[in-house]
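In: task: produce atomic coordinates for the following.
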Amino acid sequence: MTVVYGTVCLDVTHEVPRLPERGGYVEAREARRSLGGEGANTAVALALWGVDVVLVSNPIGAGHDADYLAQALEERGVRKTVFSRGTEETPVCHILVTPDGERTMFGHGFADMPKTSQPSLAPTRPGGWTTSDMNHGRAAREALNLAHAAGRDVYALDFVEPDEHLIAGSYWQSSTSWVGTPGKTAANLKWAVDWAERQKCTAILTDGADGLCFARPGKKPLHLPAIPTEDVVDSTGAGDVFRAGMLYGLGLGWPDSKCLLFASAAGALNCQGVGAVGGLQPLDRVLRHMESSPQIAALYLDAE
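Out: Below is the predicted model:
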């Protein structure tokens, strides 16, 4: 069983030709509503690939939007869920996507998540993986601490506070949207090494089309290229699907190198569709994409 503790929200995606200048105006295409949130995106991917997954999230509110989210999770195969319907407003994230696939986000209903979420409701059966994103603040940290105390492996997403104290031996993932410098491989590799040594964790810092940096304490750090993918239209959710790919492989006992290759292929494919899991692909398609560029695949698999 893999436990995903984290965010569930309503995504509203707007395709725009460009971001407006200050005080300017840009015509947006019709808004698309979809299930979103780091926790939901990762859980949906794991469920599609046949993993026994439990999703524990923030309250999703009441009314039509909450009904939509609950139904969307059920339809996507995430049938083990722990959340309240409550009176809180349904969190909504508005996403502006430009033709190059990059996105800018703003939302509401997220600020109170650390106070309204209940990490103690997450299953703590020994064995297996528990992961959390950082949107729930102190509650997210508590979820991982409770899991670790129960004998579970933990995987942290976007825990990037300067005074962060991760669990030794855990896996950590974030992107250059949060730390490091986009496009600066040498600087990002140094950042990942420093973070891994300081936190005593396995660190993965992704940088979109510029690949990823991978560091473990006392081991040679690696920079690995991105898996080539055609027709990139939206990078939303790529990191969440990458995380799901890592958890899928780790749950099967794969070496880190194969987990990274699978995760990179899954995240890249997801960029071919609009929305957080718009390009999510079934297991066989991801496995084929792992082999779509033999030279790059060899770089990954030789990296262990």
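In: so which residues of the stretch 201-304 of the chain form helices?
Out: Listed from the start of the chain, the stretch 201-304 of the chain has helices (DSSP state H, counting those that start in this stretch) covering 238-251, 256-270, 283-290, 294-301.
In: in TSV: the ones you listed, plus distance to Trp129.
Out: (Each C-beta comes from the backbone N, C-alpha and C, glycine too.) Converted to TSV, these look like this (distance: least, C-beta to C-beta, whole Å):
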stretch	distance to Trp129
helix 238-251	5
helix 256-270	12
helix 283-290	18
helix 294-301	21
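In: for Leu212, find the nearest of the ones you listed.
Out: Using C-beta to C-beta as the measure, helix 256-270 is the one of the helices of the stretch 201-304 of the chain that comes nearest Leu212, at 7.0 Å.
In: for that closest one, buried residues please.
Out: Across helix 256-270, burial judged by 16 or more other C-beta atoms under 10 Å covers 256-270.
In: which stretches of the stretch 51-200 of the chain have low pLDDT?
Out: Judged by pLDDT under 70, the stretch 51-200 of the chain has no weakly predicted residues.
In: mean confidence for stretch 273-290?
Out: Taken as a whole, stretch 273-290 has an average pLDDT of 94.
In: can I get it in PDB? Just the C-alpha atoms.
Out: In PDB, the C-alpha atoms belonging to stretch 273-290 read as follows (Å, rounded to 0.1, in the frame of the first residue of the first chain):
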ATOM      1  CA  GLY A 273      -2.000  16.800 -22.700                       C
ATOM      2  CA  VAL A 274      -3.600  19.900 -21.200                       C
ATOM      3  CA  GLY A 275      -4.200  19.700 -17.500                       C
ATOM      4  CA  ALA A 276      -2.400  18.200 -14.500                       C
ATOM      5  CA  VAL A 277      -2.900  14.600 -15.700                       C
ATOM      6  CA  GLY A 278      -4.000  15.400 -19.200                       C
ATOM      7  CA  GLY A 279      -1.200  13.300 -20.800                       C
ATOM      8  CA  LEU A 280      -1.100  10.600 -18.200                       C
ATOM      9  CA  GLN A 281      -0.300   7.300 -20.000                       C
ATOM     10  CA  PRO A 282      -0.900   3.600 -19.000                       C
ATOM     11  CA  LEU A 283       1.900   1.400 -17.800                       C
ATOM     12  CA  ASP A 284       2.700  -0.200 -21.100                       C
ATOM     13  CA  ARG A 285       3.000   3.200 -22.900                       C
ATOM     14  CA  VAL A 286       5.400   4.500 -20.200                       C
ATOM     15  CA  LEU A 287       7.500   1.400 -20.500                       C
ATOM     16  CA  ARG A 288       7.800   1.800 -24.200                       C
ATOM     17  CA  HIS A 289       8.700   5.500 -23.900                       C
ATOM     18  CA  MET A 290      11.500   4.500 -21.500                       C
END
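In: contact partners of that stretch?
Out: When contacts are taken as C-beta atoms under 8 Å, 6 or more residues apart in numbering, the neighbours of stretch 273-290 outside the stretch itself are 11, 13, 15, 32, 34-37, 40-41, 44-45, 48-50, 76, 97, 227, 229, 233-234, 236-237, 240-241, 245, 261-262, 265-266, 268-272, 297.
In: identify the residues contacting the residue nearest the centre of the chain.
Out: Ranked by distance to the mean C-alpha position of the chain (C-alpha atoms, centre = their mean), the top residue is Asp240 at 1.9 Å. By C-beta under 8 Å, 6+ apart, the residues touching Asp240 are Glu38, Asn41, Thr42, Ala45, Leu157, Ala276, Val277.
In: correct me, but the first one touches Phe159?
Out: No. With contact taken as C-beta atoms under 8 Å, Glu38 and Phe159 are classed as non-touching, separated by 12.0 Å.
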